[in-house]
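> sequence unknown, structure follows:
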C-alpha cells in the first residue's frame with residue numbers, strides 16, 4: 001500500500017488535466033456497438049478504461065491499442081457475441097450499469113461482477129427493476145449490488161425507472177435505442193444527476209440516434225437503430241480539472257490550466273461559474289481553451305450549492321468550503337453516499353482530522369471557515385476523496401500523509417507528476433507495515 005506525503009505548496013506555471021473518464025467509457029461502448037471502425041483519441045489511461053476494453057472484447061468487439069492513448073475499435077453492429085459467461089468491471093460504476101443492461105438483452109445468462117466497492121456500495125436494483133418490466137430475468141446474491149446474473153431477451157414496451165443515479169437511466173436509454181426491437185417508452189418518476197443524462201443524449205445526437213425527450217420525465221426510444229463507426233477526441237475531464245483549480249485558489253497561486261473546452265457537455269464545468277460567483281479570480285479564455293487563475297481576496301463568499309448538479313465535485317468543494325466566510329452548505333447530494341465510498345461521511349471524517357469545521361447532514365454537508373492542519377488521513381480507496389485531501393494538505397504548514405492512494409489512477413493517473421511540475425511538494429511513499 002502506498003501513501004502520499006504532501007507539504008505546503010504554491011503553484012506556478014501551467015498544467016493539462018487528464019481526459020474525461022465519462023466520455024472515454026461512453027465512446028468505447030458506442031464504438032463496440034457501431035457498424036464499422038471507430039478511432040478514439042486521447043483516451044483516459046486508467047483501470048476503468050482497461051476494464052471496459054476487456055469487457056467489450058468479451059462481448060465481441062475487436063480493439064487495438066495504438067500510440068498516444070488512441071484506441072481503434074472494430075464494432076459488432078449491435079450483434080453481441082459473448083466469449084465469456086462472466087464480465088469483470090473492476091471499480092467502474094459506468095461499466096457495471098451499462099454492461100448489465102447490454103447483457104440483459106442476451107438469450108443466455110451472463111454474470112457481471114467487480115471489486116469490493118461494486119459488490120457493496122454501487123446499487124443496481126433501480127436498473128434491474130426497469131429491465132424486468134421489459135422481460136429481463138435476474139439472479140442476485142444481494143438485493144442491491146453485484147455479483148448479478150442477467151438473461152434476456154428484452155422486448156419493447158413501457159417501463160419506468162427511479163434514476164437516483166444517472167447511470168441507470170443512461171444504460172436503459174442505450175439498450176432501448178440499439179438492442180431492443182420496437183418502440184420503448186421510459187417513464188422517469190425520479191431523476192438525479194441530470195447533467196450526465198445530457199452527456200448520454202449528446203452521444204445520441206452525435207451518432208444520429210433518434211429519441212423523444214419529454215422534459216426528462218418520459219423518453220420515447222425507437223429501437224434497433226444502427227450507428228456507424230466514428231472518430232472522437234476525448235476532451236479534458238472537468239471533474240479532474242477541479243483539483244488543480246481549487247488548489248491554486250486556496251493556496252493563493254497563479255496557474256494556467258490548458259485544454260479546457262467550455263463548449264463540452266460535461267456537467268461539472270459548472271464548478272467554474274460557481275467558484276467565480278464566490279469571488280474566485282478565474283479568467284476563461286475560450287478561444288485558447290485555457291483557464292487563468294490569479295490571487296483572490298480571502299475569504300471566498302459562502303453560498304448554498306445544489307450537489308446534484310456537481311455530485312463528483314462534492315469532496316473538493318468541501319475542501320474549498322474551509323476557505324469561505326460564514327457557512328457553505330452542499331445539499332441534495334445524498335447520492336454521494338453510493339460512490340466508491342460514502343463520500344458524505346468520509347470527507348467529513350477526514351477533514352475533521354485536519355481541524356475542518358464540517359458537519360454531515362442527511363443529504364449533504366455544511367462547512368465553515370477552518371484553519372487546516374497537516375496530519376495522517378485516509379483515502380477510503382476513493383479517487384476523488386484522495387485527490388481532494390491532497391489539495392487540502394497543500395494549504396497546511398505541517399506535512400500530511402494521505403494513505404492508500406493507488407485509487408487516484410482511476411481518474412488522474414499522473415497526478416503526482418503533474419502537481420510536481422507546477423510546484424507541489426508531493427511524493428509517493430510506501431507504507432511500512
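That came in fine, so what should we check first? All values reported here derive from a predicted model rather than from experimental measurement.

> Tally up the residues packed near residue 371, please.
Residue 371 has 13 neighbours, counted by other CB atoms under 10 Å. Where you see a C-beta, it was placed from the backbone N, CA and C, and this is true even at glycine.

> can you check residue 274 too?
Residue 274 has 18 nearby residues by other CB under 10 Å.

> quick one, phi/psi of it?
Here is the backbone geometry of residue 274 (degrees, to the nearest 10): phi -60, psi -50.

> now the one 10 residues further on
When quoted as degrees, to the nearest 10, the phi and psi of residue 284 stand at phi -90, psi 120.

> do residue 393 as well
Residue torsions, per degrees, to the nearest 10, at residue 393 are phi -60, psi -20.

> For it, give me its contacts.
4, 6-7, 354, 372, 374, 377, 400, 402 (CB atoms under 8 Å, 6 or more residues apart in numbering).

> Pick out the most distant pair among those.
4 and 372 (15.7 Å; CB to CB).

> what's the longest strand in this protein?
strand 183-191 (DSSP state E).

> next SSE after that strand?
Using DSSP states H and E, the next helix or strand after strand 183-191 towards the C-terminus is helix 194-207.

> can you state the direction angle for that following helix and strand 183-191?
Interaxial angle, helix 194-207 versus strand 183-191 (axes from the mean of the first three to the mean of the last three CA atoms, to 10 degrees): 160 degrees.

> So which residues of the stretch 301-433 of the chain form helices?
Counting by DSSP state H, counting those that start in this stretch, residue ranges of the helices within the stretch 301-433 of the chain are 314-321, 343-353, 383-393, 415-421.

> list the contacts for residue 233?
40-42.

> that older thread, roughly how far is the longest strand of the chain from the heart of the chain?
Its chain's C-alpha centre and that of strand 183-191 lie 23 Å apart, by CA atoms, centre = their mean, to the nearest Å.

> name the helices or strands packed onto that strand?
On a contact count with 3 or more CB pairs under 8 Å, 6 or more residues apart in numbering; DSSP states H and E, strand 183-191 meets strand 158-163, helix 166-178, strand 218-222.

> Excluding residues flanking it in the chain, which one is nearest residue 36?
Excluding its sequence neighbours, the residue lying closest to residue 36 (CB to CB, 6 or more residues apart in numbering) is residue 229, at 3.2 Å.

> So the one you found versus residue 31, what's the distance?
According to CB to CB, to the nearest Å, residue 229 stands 7 Å off from residue 31.

> same check, this time on residue 128
In terms of CB to CB, residue 128 sits 26 Å off from residue 31.

> more crowded one of those two?
Taking other CB under 10 Å, residue 128 and residue 31 do not tie; residue 31 has more neighbours (26 against 21).

> List the residues that contact that one.
Applying CB under 8 Å, 6+ apart, the residues contacting residue 31 are 38, 40, 56, 61, 71, 73, 75, 229-230.

> How about residue 168?
97, 124, 126-127, 130, 161-162.
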